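K.L.:
model the structure of this input:
(one chain, ligands or ions: 2)
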Amino acid sequence: MKYMDTENPEQVPGQIDNDDTFSFHCHAEISCFNLCCRNLNLFLYPYDVIRLKQRLGITSDQFIEQYVDIVLRPSNFFPEVLLRMAENEQKTCPFLTDQGCSVYPDRPDACRTFPVEHGAFYDAETRTTDIIHFFRPPDFCMGQHENRTWTVQTYAQDQDAVTYNKMTARWAKLKRLFHADPWGKEGPDGPRAKMAFMAAYNTDRFQAFILESSFLKRYKVKSAILRKIREDEAELLKFGFEWIKFYLWGVKTKYLRPR
Ligand code: SF4
Ligand code: SF4
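P.N.:
Numbers count the residues shown, from 1 in each chain. Ligands and ions are numbered 1, 2, ... in the order given. From the prediction side, this is the model:
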């Protein structure tokens, strides 16, 4: 259930093209119902966190404190954010109930896209990142033997995953930049790393940083963009992604410019 980041998709089994079809149907009467919602490495992407914290009616700080583990892998220079499983024998998802998923309308991208996975494929020749797809249900998932047929696109529409997929793809392309070390001597725990993490995963604090610090004295942000940032956390997140690229790598953006 991971958004794979690969330079060689042929090494990953199950790749499907946009026109390929697959069979799948998950429903409450199926024998494996809820089996997949336990003992997971469930990666949360920035848009997932916004939707879940809104669903739960809590702040970004509270969500991060209560629900996530933050893991920095040696091969990457930006931490992964994983949903912390419950401390019970089966390590169930904290949102799992006997009736199913208690946050279903706002379940994370990986859950609504499952058993399809997406990948960010970086083409070194063209220096572009493409999004590719894989159909990889685990053996215990009986949904793959049901008789409903989808393409990646029709399944995403059915699962209300289109916005999620777009936001995650946007994040995956940015995250790929962290394959090279942007931190230098200050390291991945330094002040710039904390700022970048805040812009991606703590939208409450990032919004306060933009609107309540000296940020707007230092940067010019168009009033239409500012209005969106105040009203819509998805827009705030898009702004955050652009700001990270500008702040760490000096990538110019239409979202802001220095005064
Ligand atoms: S294992 Fe597959 S079919 Fe079973 S509940 Fe999970 S997603 Fe649905
Ligand atoms: S968020 Fe919902 S769908 Fe995803 S693992 Fe947890 S209970 Fe299952």
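K.L.:
and this structure, what are its domains?
P.N.:
As assigned by automatic domain parsing, the chain contains the domains 4-178, 182-258.
K.L.:
which of the ones you listed has the lowest mean pLDDT?
P.N.:
Lowest mean pLDDT within the domains of the chain: domain 4-178, a mean of 91.
K.L.:
any idea how far residue 80 is from residue 125?
P.N.:
Residue 80 sits at a distance of 28 Å from residue 125 (criterion: CB to CB, to the nearest Å). Backbone N, C-alpha and C define where each C-beta goes, glycine included.
K.L.:
which of those two has more residues huddled nearby?
P.N.:
For residue 80 versus residue 125, neighbours defined as other CB atoms under 10 Å are more numerous around residue 80 (17 against 5).
K.L.:
and the more buried one, how close does it get to residue 250?
P.N.:
25 Å.
K.L.:
and residue 24, by the same measure?
P.N.:
For residue 24, the distance to residue 250 equals 44 Å [CB to CB].
K.L.:
comparing these two, which residue is more hemmed in?
P.N.:
With neighbours defined as other CB under 10 Å, residue 24 and residue 250 compare such that residue 24 has more, 22 against 7.
K.L.:
surely that one touches residue 143?
P.N.:
Yes: with contact defined as CB atoms under 8 Å, residue 24 reaches residue 143; the gap is 4.9 Å.
K.L.:
can you name the residues of the stretch 151-259 of the chain that neighbour ligand 1?
P.N.:
Counting by CB under 6 Å from any ligand atom, no residue of the stretch 151-259 of the chain lies close to ligand 1.
K.L.:
find the closest residue to ligand 1 in the stretch 151-259 of the chain.
P.N.:
Closest contact between the stretch 151-259 of the chain and ligand 1, by CB to the nearest ligand atom, is at residue 159 (10.9 Å).
K.L.:
strands of the stretch 101-250 of the chain, start to end?
P.N.:
116-123, 128-135, 149-150, 219-220 (DSSP state E, counting those that start in this stretch).
K.L.:
now distance to residue 58 too, for those, in TSV please.
P.N.:
Below are the strands of the stretch 101-250 of the chain laid out as TSV (distance: least, CB to CB, whole Å):
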stretch	distance to residue 58
strand 116-123	28
strand 128-135	31
strand 149-150	34
strand 219-220	29
